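A.B. asks: sequence and predicted structure, then a few things I'm wondering about:
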Amino acid sequence: MAPRKRNPENKGLPLRWCYQHGAYYYQVPPGLEMQWDAKRKFKLGRTLPDAYTVWAQRIPGSREARTVGELLDRYAAEVVPAKAPKTQQSNIPAIKRLKAVFGHMPLETLKPKHVYQYLDKRGARVAAKREIEVLSHTYTKAIEWGLIEAHPIKGKVIRAGTPPRTRYVEDWEIVEALSVAGPVLRAYISIKLLTGLRRADLLGLRMADIREDGIHVAPRKTAKTTGKRLIIEWSQTLRAAVEAALAARPKDIAPWLFCTRRGESYVKADGTANGWDSLWQRFMTKVSANTKVKERFTEHDLRAKCASDAPSLERARQLLAHADAALTLRVYRRKPERVKPAQ
């Protein structure tokens, strides 16, 4: 008889957890059934973030963590559920990978050399960098929780990041692309070039956000941190672009400026916009096949063009709603810097 295969979903889960029949369960220790609704196997949830949320509600948050694995479990239970859905989706697999390697180690034994070894063996450099960022933040929370006194890797591990993208979309490329774009995309691109709004913020604009004094925006990325809000004042070109977007809407009664044929938002609750992504990819294929533009560009490149074409760095920072101009300069100002010769 062939040996029974182990479910790979169970790898890296907390002690006594298991994944069965499309859900996560907790195997209740004997004698503690009354604390878990008199059940021997308690269903935590269908998704890992949901399971950790229920776990955090059932297990006291003040419990001591002695190993990296226990610390990661607490981080997953108390910190990850408060993050944006898309961030949760990336954090949970990262935690599982980290637990598989560092989970057995006592908290105080983690050293920079262990992190460098992990980075060398992991292979996928970008993914590894993100995972170490999660590990580093986990230790930051450990200090906040009073579990350790000093951070073992913060400021001691130099992570080689990927260089910023340098693609600058020329004006003629925009003209070519707009020549094959439908009404919705023409309006969308026009507004994006004028405002520099992120995809989620632009697709998330409601009719109620379009007011007499301008377009009111609450950037999603900073909603839980600075809570910064923007009012983008009207110009003649911006008003014309918004009117074009209104005329192109498939549902006049929809609450969204950009909506699907059913009048729904393109942005899902988890922050994804698969329908819009497919629309954009089809558009780029059409641009490549029917215009002189041969190098594709992304929506992020259009945001960078808005910043690059701004008359000053401060103006670009303001448009992109960055708290620090250093990020604007490093990632978004892509035009060559003009320098006058020495006299």
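C.D. replies: Ah, there it is. Owing to the predicted nature of the structure, the values given are computational and were not obtained by experimental measurement. Residues are numbered from 1 along each chain as shown.
A.B. asks: and the worst-scoring helix or strand of the chain on mean pLDDT, what does it pack onto?
C.D. replies: Least confident helix or strand of the chain, by mean pLDDT, DSSP states H and E, is helix 48-58 with a mean of 78. Under the contact criterion of 3 or more CB pairs under 8 Å, 6 or more residues apart in numbering; DSSP states H and E, helix 48-58 touches strand 23-27, strand 41-45, helix 68-78, helix 85-102. To be clear about C-beta, it is placed using only N, CA and C from the backbone, and glycine gets the same treatment.
A.B. asks: point out the most buried one among those.
C.D. replies: Compared across these, helix 68-78 shows the largest average neighbour count, a mean of 23 (mean count of other CB atoms under 10 Å).
A.B. asks: let me know the angle separating that helix from helix 48-58.
C.D. replies: Counting by axes from the mean of the first three to the mean of the last three CA atoms, to 10 degrees, helix 68-78 points 90 degrees away from the direction of helix 48-58.
A.B. asks: what's next to helix 68-78, contact-wise?
C.D. replies: For helix 68-78, the external contacting residues (CB atoms under 8 Å, 6 or more residues apart in numbering) are 14, 52-53, 55-56, 59, 61, 63, 65, 91-92, 95, 98-99, 102-107, 110, 134-135, 137-139, 141-142, 145, 147.
A.B. asks: related to what we said a few turns ago, centre of the chain versus the least confident helix or strand of the chain, how much separation?
C.D. replies: 21 Å (CA atoms, centre = their mean, to the nearest Å).
A.B. asks: about what we covered before: switch the helices and strands packed on helix 48-58 over to TSV; also include distance to Arg261.
C.D. replies: Shown next, in TSV, are the helices and strands packed on helix 48-58 (distance: least, CB to CB, whole Å):
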stretch	distance to Arg261
strand 23-27	34
strand 41-45	33
helix 68-78	39
helix 85-102	24
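A.B. asks: make JSON lines out of the ones you listed and add mean pLDDT.
C.D. replies: Putting the helices and strands packed on helix 48-58 into JSON lines (pLDDT from 0 to 100) gives the following:
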{"stretch": "strand 23-27", "mean pLDDT": "88"}
{"stretch": "strand 41-45", "mean pLDDT": "89"}
{"stretch": "helix 68-78", "mean pLDDT": "88"}
{"stretch": "helix 85-102", "mean pLDDT": "88"}
